[in-house]
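>>> Build me a structure from this.
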Amino acid sequence: VLHWMEHDLFSTNTTTTVLDDDVVILVDPDMVLLRPITHDFSDEPADQWAESKVPAWTKVSRGRPIAQQDGYLNNEWMSLNFSYIFPNEMFERPPFAQGPLVWNTGPPYLATVADMYEIAKLWTQLAPRVLYVYPKLFAEMYSFILATVQLQMPFSLFRSMVVSTTTTKSREGWPLVDALSKNVCESSKQAVTANMDTAHLPIALHYCGRYSL
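Next up, the predicted model:
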């Protein structure tokens, strides 16, 4: 992300003028969009936000990023060796209860260019150190979270941006899937073909696992 921003997005060879308040949307490569994704979630139902509460902001702007409330992550990152990860500066761990409310982010991540650049710079620095103390699958995600905490940049967490893991019902868009009369892919195809409203669908299907009936 940092390399792309510095060598392509900010390149003098680009034909489009990049503004600090433009929005970057970072998704996993194994995510398939079921309906359009934008930076404005103002019309989304209140029960689709973390803890079913409409947050302080529902539209991405400077200092106000939005992300999926990740269905896999817990507060494990709060117990990492911060003295190693932040050797030259203090790290203030947020209250435990704030984890699933504003910090346990997952893709898609949405932030302005200015905010994403600050995150990417610190994320890049922290990732090798986090991987050293936590050599597991979610090291890069915990690095992202720690960067946002250090930058004091909480997120509004949207619950149904993605369906990913079936082990959670409360932190992803599975209630939207369960309410469909057909399977999610057929419903999405029908809605797009008929130019119907797709707001009842999750935004993306995450192909990180196998889904079967």
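
>>> List the buried residues of stretch 24-35.
By neighbour count with 16 or more other Cβ atoms under 10 Å, stretch 24-35 contains the buried residues 24, 26-27, 31, 34-35. (Each C-beta comes from the backbone N, C-alpha and C, glycine too.)

>>> What distance separates the opening and closing residues of it?
In stretch 24-35, first residue to last residue: 18 Å (Cα to Cα, to the nearest Å).

>>> before we move on, what about stretch 131-148?
17 Å.

>>> what does stretch 11-21 give?
Start and end residues of stretch 11-21 are separated by 17 Å (Cα to Cα).

>>> Mind checking the pLDDT average for that stretch?
For stretch 11-21, the mean per-residue pLDDT is 76.

>>> picking that back up, which of the buried residues of stretch 24-35 sit farthest apart?
Across the buried residues of stretch 24-35, the longest distance by Cβ to Cβ is 20.9 Å; it joins Val24 and Leu34.

>>> For Leu201, the count of nearby residues, please.
Neighbour count of Leu201, defined by other Cβ atoms under 10 Å: 23.

>>> measure it to Ile37 for me?
Going from Leu201 to Ile37 by Cβ to Cβ, to the nearest Å gives 12 Å.

>>> ditto for Trp4
Distance, Trp4 to Ile37, using Cβ to Cβ: 18 Å.

>>> Which single one of the buried residues of stretch 24-35 is nearest to Val60?
Val24 (9.2 Å).

>>> Quickly list what that closest one is bridged to.
Ala111 (DSSP bridges).

>>> change the start of the numbering to 55 and stick with it
Okay, using 55 as the starting number, the last item reads as Val78.

>>> pLDDT score for it?
With respect to pLDDT, Val78 has a value of 96.

>>> contacting residues for it?
By Cβ atoms under 8 Å, 6 or more residues apart in numbering, the contact set of Val78 is 59, 164-167, 170.

>>> doesn't Arg213 make contact with Pro256?
No - under the criterion of Cβ atoms under 8 Å, Pro256 makes no contact with Arg213, lying 9.5 Å away.

>>> any residues in contact with both of those two?
Overlap of the contact sets of Pro256 and Arg213 (by Cβ under 8 Å, 6+ apart) consists of 226-227.

>>> State the number of residues packed around Thr202.
Thr202: 24 neighbours (other Cβ under 10 Å).

>>> One more: Asn142?
Asn142 has 4 neighbours, counted by other Cβ under 10 Å.
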